[in-house]
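1. Output the structure for:
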Amino acid sequence: MLGLLLSLSVGARPYYVLFIPLFLMAVCFTSYIQTKRLKFVIKHAFIFIIPCIVIGVFLSLYNYLRFDSVFDFGLKHQLNGCMIGTYVPNLRDCITGLVNNLFTLPQMSGYTVFSLVKAAGHSVGNEWIAGILWTSPVIIFLLSVPYFIKKSYKENKNSVILITVMFCAALISLIVTSFVGMVNRFFFEYLSIMMIISVAVYNFIFNGIKNKKEKTLINILFILMFFYSVFINISLLFSLPNAGYFVTSEKSMVDYINIINFLF
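-> Down below sits the predicted model:
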């Protein structure tokens, strides 16, 4: 089932094909840990890879018949004005995207306290954004992933494999989407995964602390991060760069202003 769903997702996000070898390694490693037998490792790998091959053949055939190339998922036919079909990814754009997607400071606004910033410097995607380090500071716990892996490997190998695969998937998504630019909607490709990992690592660290004062301090820190994240993301959601999504008529303008006045 995992191989089937993962291969189907490639039709929506072609770069998800990079996840297939990642998950295949995880399946093989998990099978070996559980059985210690090469026969079962090969069996489970075979079960995983067959749906990927079948779906891959059908997707390739569809792409060839529809777009004249097995590798074309319709990019050349997009009508958004970005000319993404003729764009050649380059390292400079990737670095620009990474830096902005991670570290761009939100603007201060007297209207909603925080506001999105118009990104610049990328060849393709330069939208209104704010770096995820400022909007979701709990992801700072990702720095403790190596510590989690080191401490947990002997006791719970499956958890380590899961966290490692999720971390690699998030990292791949971050890098690939950074080639496309600074685009707010792409944050969800990796930020949700990062948040899950961060909470899991925080829980591991919290449970490992014996000192009550230290435990209380880190708990307070986490709670403050949570409420700050809720506030800043609501603030950015209703900031002026997003006003066009809410204001479509005179009445909606009044409603939008009332919401702003109520919240801020």
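2. quick one, what contacts the residue nearest the centre of the chain?
-> Nearest to the mean C-alpha position of the chain, counting by C-alpha atoms, centre = their mean, stands Y190 at 0.5 Å. Going by C-beta atoms under 8 Å, 6 or more residues apart in numbering, Y190 touches 169-171, 173-174, 177. Placement of C-beta: from N, CA and C, glycine included.
3. Find the nearest non-adjacent residue to it, please.
-> Distance criterion C-beta to C-beta, 6 or more residues apart in numbering; nearest residue to Y190, sequence neighbours excluded, is S173 at 3.9 Å.
4. That neighbour is in what secondary structure piece?
-> Element membership of S173, judged by DSSP states H and E, is helix 157-180.
5. hey, where'd the helices end up in this protein?
-> 2-9, 19-35, 38-67, 91-103, 132-135, 145-152, 157-180, 191-208, 212-237, 243-246, 250-263 (DSSP state H).
6. Export only the CA atoms of the second one, formatted as PDB.
-> Taking Å, rounded to 0.1, in the frame of the first residue of the first chain, the C-alpha atoms of helix 19-35 are listed here in PDB:
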ATOM      1  CA  PHE A  19      11.100   9.700  -2.100                       C
ATOM      2  CA  ILE A  20      10.700   6.200  -3.600                       C
ATOM      3  CA  PRO A  21      14.400   5.100  -3.100                       C
ATOM      4  CA  LEU A  22      14.300   6.700   0.400                       C
ATOM      5  CA  PHE A  23      11.300   4.700   1.500                       C
ATOM      6  CA  LEU A  24      12.600   1.600  -0.200                       C
ATOM      7  CA  MET A  25      15.700   1.800   1.900                       C
ATOM      8  CA  ALA A  26      13.500   2.300   5.000                       C
ATOM      9  CA  VAL A  27      11.400  -0.800   4.100                       C
ATOM     10  CA  CYS A  28      14.500  -2.900   3.600                       C
ATOM     11  CA  PHE A  29      16.200  -1.700   6.800                       C
ATOM     12  CA  THR A  30      13.000  -2.200   8.900                       C
ATOM     13  CA  SER A  31      12.500  -5.700   7.400                       C
ATOM     14  CA  TYR A  32      16.100  -6.700   8.200                       C
ATOM     15  CA  ILE A  33      15.800  -5.400  11.800                       C
ATOM     16  CA  GLN A  34      12.600  -7.400  12.300                       C
ATOM     17  CA  THR A  35      13.500 -10.700  10.700                       C
END
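7. Packing partners of that helix?
-> Judged by 3 or more C-beta pairs under 8 Å, 6 or more residues apart in numbering; DSSP states H and E, the packing partners of helix 19-35 are helix 2-9, helix 38-67, helix 157-180.
8. And the contacts of the first one?
-> Right, the one you point to is helix 2-9. Helix 2-9 is contacted from outside by 16, 19-20, 23, 27, 47-52, 54-56, 59, using C-beta under 8 Å, 6+ apart.
9. picking that back up, give the buried residues for the helix holding S173.
-> Using 16 or more other C-beta atoms under 10 Å as the burial criterion, the residues of helix 157-180 that qualify are 160-161, 163-170, 172-174, 176-180.
10. What of stretch 44-53?
-> Of all the residues in stretch 44-53, those buried under the rule 16+ other C-beta under 10 Å are 44-45, 48-49, 51-52.
11. again with stretch 1-12
-> Buried positions in stretch 1-12, judged by neighbour count with 16+ other C-beta under 10 Å: 3, 6-7, 10.
12. Pick out the lowest-pLDDT one from the residues you listed.
-> Across the buried residues of stretch 1-12, the smallest pLDDT goes to G3, namely 79.
13. Okay, it and N233: tell me how far apart.
-> 35 Å (C-beta to C-beta, to the nearest Å).
14. hmm, back to that, report the two of the contacts of helix 2-9 separated the most.
-> Comparing all pairs in these by C-beta to C-beta, the longest separation belongs to V27 and L59, at 21.0 Å.
15. pLDDT weak spots in this structure?
-> Applying pLDDT under 70 to the chain picks out residues 74-86.
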